[in-house]
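Asks: Give me the fold of what follows.
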Amino acid sequence: MKYYLIAGERSGDLHGSNLMKELKRQDPESQFRGFGGDYMREAGLDLVIHYQDMAFMGLIALFLNLRTLLRRMKFCKEDILQYSPDVVILIDYGAFNKRIAKFCKTHGVKNFYYISPKVWAWYQLRALELKRNVDRMFCILPFEKEFFKRFKWDVDYVGNPVLDAVKAFRKDEKFSEKNRLGNRLVALLPGSRKSELKKIIPLMAEVIEANPDYQFAVAAVKSMPQYLYSPLQKFSNVSLVFDATYDLLSNAHAAIVTSGTATLETSLFKVPQVVVYKANRFEYFLAKLMIKVDYVSLVNLILNREAIRELIQKEATPANVIVEIRRLMEDTFHRSRIEKDYQELLKILDTGSASENTARLMVGYLKADR
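Replies: Sure, this is the predicted structure:
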């Protein structure tokens, strides 16, 4: 069968590649085309647009790049019709993919959505739009199945692909030696978008300056402009580690993490963490008006309590982060409590391979509909 996949971010590229590998096992004649990144290309995707050409975060960034996104969307629609796939697989990236889902429905093209947009977080009635336009939804957070039931929509919960990625990871035993990292290491995960780095890197620099006895290592991204990391490079106790986040987490004693998938990844490596996030004032004001959940980190959302400290916007000050990172490094009881919460989280998420579960269901649905 022919599959057209659309991933617009790095995490979607990773999860899309793992899904493709499982689809190949379930469907040896499978062919793949679409939007994605290096991981999906390596897995066999005929890549037509790289996600780096579409990864704009925040309302202002989206507005400034609206013309580019509209061109990409027009091309995507034309390419789908020309390719004539058996199914379009939409991977996260809600602002773009929801519109593609509507286009597919209008033109009679079957579409599956893998990794639901976070409609439970704000403007929840968007779930009805998804229900109208998406043929099958495959969710990766356990509470999402119950959420969509409120809209009389039976979706599939398939497990979480982040857990798949962590399980598949093989640690580089010489990583610490090669990067000259010590035992009391704080991992810094500032994000993978320019807007995130511009807000978080200066904050992290102040935390480093106040803790000369700790060693810090930054999960840096090669595709980002390197000047964004320059505020950290003046410190002798900081290392930049490029595109090796899992190896870094394997060696970390604690972590400062920008909200997002990285919070879940950090928990699965059992690293105590503090979550920090800062946005443009206008964007944060709008978010506060619309958001319907109590937490921003996936760890706390899944456990439905504050298992890890979240320091958001005005609370994301150097003083607050310094206090929490010292607790994470020095307070044995605090660390132990977080680690117990992580164990509970793992029990909730560990339902087998999300990629395998999803591929099996997708191929089964496609064969049944033929």
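
Asks: average model confidence for stretch 295-304?
Replies: Stretch 295-304 carries an average pLDDT of 92.

Asks: What are the buried residues along it?
Replies: Residues of stretch 295-304 classed as buried: 295-303 (neighbour count, 16 or more other C-beta atoms under 10 Å). C-beta here means a position set from N, CA and C on the backbone, and glycine is covered the same way.

Asks: again with stretch 361-368
Replies: Neighbour counts using 16+ other C-beta under 10 Å place 361-363, 365-366 of stretch 361-368 among the buried residues.

Asks: and what of stretch 38-47?
Replies: 38-40, 43-45, 47.

Asks: Tell me which entries of these lie within helices.
Replies: Applying DSSP state H to these, the entries found in helices are 38-40.

Asks: among the buried residues of stretch 295-304, which two are most distant?
Replies: Comparing every pair within the buried residues of stretch 295-304 by C-beta to C-beta identifies V296 and L303 as the most remote, at 13.4 Å.

Asks: The spatially closest residue to V109 that is not a sequence neighbour: neighbour count?
Replies: Leaving aside its sequence neighbours, V109 sits nearest to V88 (C-beta to C-beta, 6 or more residues apart in numbering; 5.9 Å). By the criterion of other C-beta atoms under 10 Å, V88 has 25 neighbours.

Asks: Pull up the pairing partners for the strand or helix carrying V88, direction included.
Replies: Applying DSSP states H and E as the criterion places V88 in strand 87-91. Take DSSP bridges as the rule and strand 87-91 pairs in its sheet with strand 2-7 (parallel), strand 111-114 (parallel).

Asks: Ok, which of these comes nearest F175?
Replies: The closest of these to F175 is strand 2-7. By C-beta to C-beta, the value is 27.5 Å.

Asks: Any chance you could list what contacts that closest one?
Replies: 13, 15-16, 19-20, 23, 30-37, 40, 45, 51, 76, 79-80, 83-93, 96-97, 100 (C-beta atoms under 8 Å, 6 or more residues apart in numbering).

Asks: Could you check the pLDDT of the closest residue to D86 other than its chain neighbours?
Replies: Leaving aside its sequence neighbours, D86 sits nearest to M1 (C-beta to C-beta, 6+ apart; 4.2 Å). According to the prediction, M1 has pLDDT 96.

Asks: How many residues are close by M1?
Replies: As a burial measure, M1 scores 17 neighbours (other C-beta under 10 Å).

Asks: do the same with W122
Replies: 14.

Asks: before we move on, what about the one 5 residues further on?
Replies: By other C-beta under 10 Å, the residues close to A127 number 21.

Asks: How about the helix or strand hosting it, which residues are buried there?
Replies: Assigned by DSSP H and E, A127 belongs to helix 126-133. Neighbour counts over helix 126-133 (16+ other C-beta under 10 Å) mark 126-127, 130, 133 as buried.

Asks: Name the nearest of these relative to K234.
Replies: For the buried residues of helix 126-133, the nearest to K234 is R126 (44.7 Å; C-beta to C-beta).

Asks: What sits closest to the closest one if chain neighbours are left out?
Replies: V119 is the one closest to R126 (C-beta to C-beta, 6+ apart), at 4.3 Å.
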